[in-house]
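no sequence on this one, just coordinates:
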């Protein structure tokens with residue numbers, strides 16, 4: 001049972017992480033700053049998950065990256081592309097709509113259990 005639950009939780013989390021990362025890339029972020037800003041919101045992501053996700057988003061042209069070499073340690077910054085901004089807004093709307101619908105279903109289950 002716990003393996004199944006872990007698998008389903010991972011599947012559920014995968015889509016939410018993409019949306020969470022996109023939401024934080026409205027302003028340029030480098031990997032570690034992105035991890036920190038997500039953690040402040042209670043969303044934990046391993047760097048081993050984050051960097052492949054960022055590469056995938058860049059390949060899908062949702063995110064662009066550039067190197068900042070002005071400091072002693074070069075950092076690669078990621079930010080939403082114009083296309084990424086459009087997709088993010090659409091995904092956000094879809095997420096909010098689905099969340100409200102799912103909440104109603106789950107809330108209804110709780111009420112049904114009280115009868």
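Here it is on my side, so go on. All figures in this text were calculated on a predicted structure; none of them were measured in a lab. Numbering: from 1, shown residues only.

Could you name the helices and strands sitting against the lengthiest helix in the chain?
Ranked by residue count, the top helix of the chain under DSSP state H comes out as helix 82-114. Contact partners of helix 82-114 among helices and strands, from 3 or more CB pairs under 8 Å, 6 or more residues apart in numbering; DSSP states H and E: helix 2-24. For the C-beta atoms, the positions are set from N, CA and C on the backbone; glycine is no exception.

May I see the buried residues of the helix it packs on?
Using 16 or more other CB atoms under 10 Å as the test for burial, helix 2-24 gives 17-18, 20-24.

And for stretch 29-44?
For stretch 29-44, a neighbour-count test (16+ other CB under 10 Å) marks 29-30, 34-35, 37-38, 43 as buried.

what does stretch 89-107 give?
Going by neighbour count (16+ other CB under 10 Å), the buried part of stretch 89-107 is residue 91.

Give me the average confidence score over that stretch.
Per-region confidence: stretch 89-107 scores 94 on mean pLDDT.

what's in contact with it?
18-19, 22-23 (CB atoms under 8 Å, 6 or more residues apart in numbering).

Generate a markdown table for these, with distance to residue 92 and pLDDT as supplementary columns.
As requested, the contacts of stretch 89-107 are arranged in a markdown table below (distance: CB to CB, whole Å; pLDDT from 0 to 100):
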| residue | distance to residue 92 | pLDDT |
| --- | --- | --- |
| 18 | 11 | 95 |
| 19 | 7 | 96 |
| 22 | 8 | 97 |
| 23 | 7 | 97 |
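
Enumerate the beta-bridge partners assigned to the nearest residue to residue 75 once chain neighbours are set aside.
Spatial nearest neighbour of residue 75, chain neighbours left out: residue 30 (4.2 Å); criterion: CB to CB, 6 or more residues apart in numbering. Note on residue 30: beta-bridge partners residue 77, judged by DSSP bridges.
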